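Asker: Requesting a structural model of the entry that follows:
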Amino acid sequence: MENEQWRTRPAGDQWSVAECLIHLNMTSQALLPLIRDALGKGRDRPVFRSTSARMDFVGRLLWLAVTVRLPIKTTEPFVPVRVQAKDTVLSEFNALQNQVIDCLSAAEGLDLGTLRIVSPFDSRIKYNLYSGLRIIPAHQRQHLRQAEQVVQTLRTTKATS
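Answerer: Residues are numbered from 1 along each chain as shown. Presented below is the predicted three-dimensional model:
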């Protein structure tokens, strides 16, 4: 993908491919410290899994919202304000993905249903860590699909012009 396409919005109110990935990076940067803190609490006290973890009510609602692609406006701190170079964003995306994977490994054996995190999007919303770890990939799939749609729209527009 050329740098011009990377930055191009298909419409004024839609994000570019760059903005989709920058948003995911911003989200991971906000979530990772919260996840690590919860994991630390889980290691500090004997909170080991006795049964299978389940999403709590709030977590399930959020997971469903991103899974069924409900249009939810993000909060201002997670709206990309400037587009960075493609290589920089992709490198950061890969590094953050590896950190999320490391957190999944660190969660092994802990009771993820009792450990809680506060949403970085809205401090009034809390959910269990298991829900958070299920919401992350669902949210990422949503924005990666959005980026794929942008690419398709730009290709179609270019082919018809």
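
Asker: Okay, now the unreliable bits of the chain?
Answerer: 46-51, 161 (pLDDT under 70).

Asker: mind listing what's buried in the longest helix along it?
Answerer: Ordering each helix of the chain by length in residues (DSSP state H) puts helix 129-160 first. For helix 129-160, a neighbour-count test (16 or more other C-beta atoms under 10 Å) marks 129-136, 138-140, 142-143, 146-147, 150, 154 as buried. C-betas here are computed from N, CA, C, even on glycine.

Asker: helix or strand for residue 20, which one?
Answerer: With secondary structure defined by DSSP states H and E, residue 20 is part of helix 17-44.

Asker: so the longest helix of the chain versus helix 17-44, what angle?
Answerer: Helix 129-160 and helix 17-44 meet at an angle of 170 degrees, taking axes from the mean of the first three to the mean of the last three C-alpha atoms, to 10 degrees as the criterion.

Asker: What is helix 129-160 packed up against?
Answerer: helix 17-44, helix 57-67, helix 86-106, strand 116-118 (3 or more C-beta pairs under 8 Å, 6 or more residues apart in numbering; DSSP states H and E).

Asker: Lovely, talk soon.
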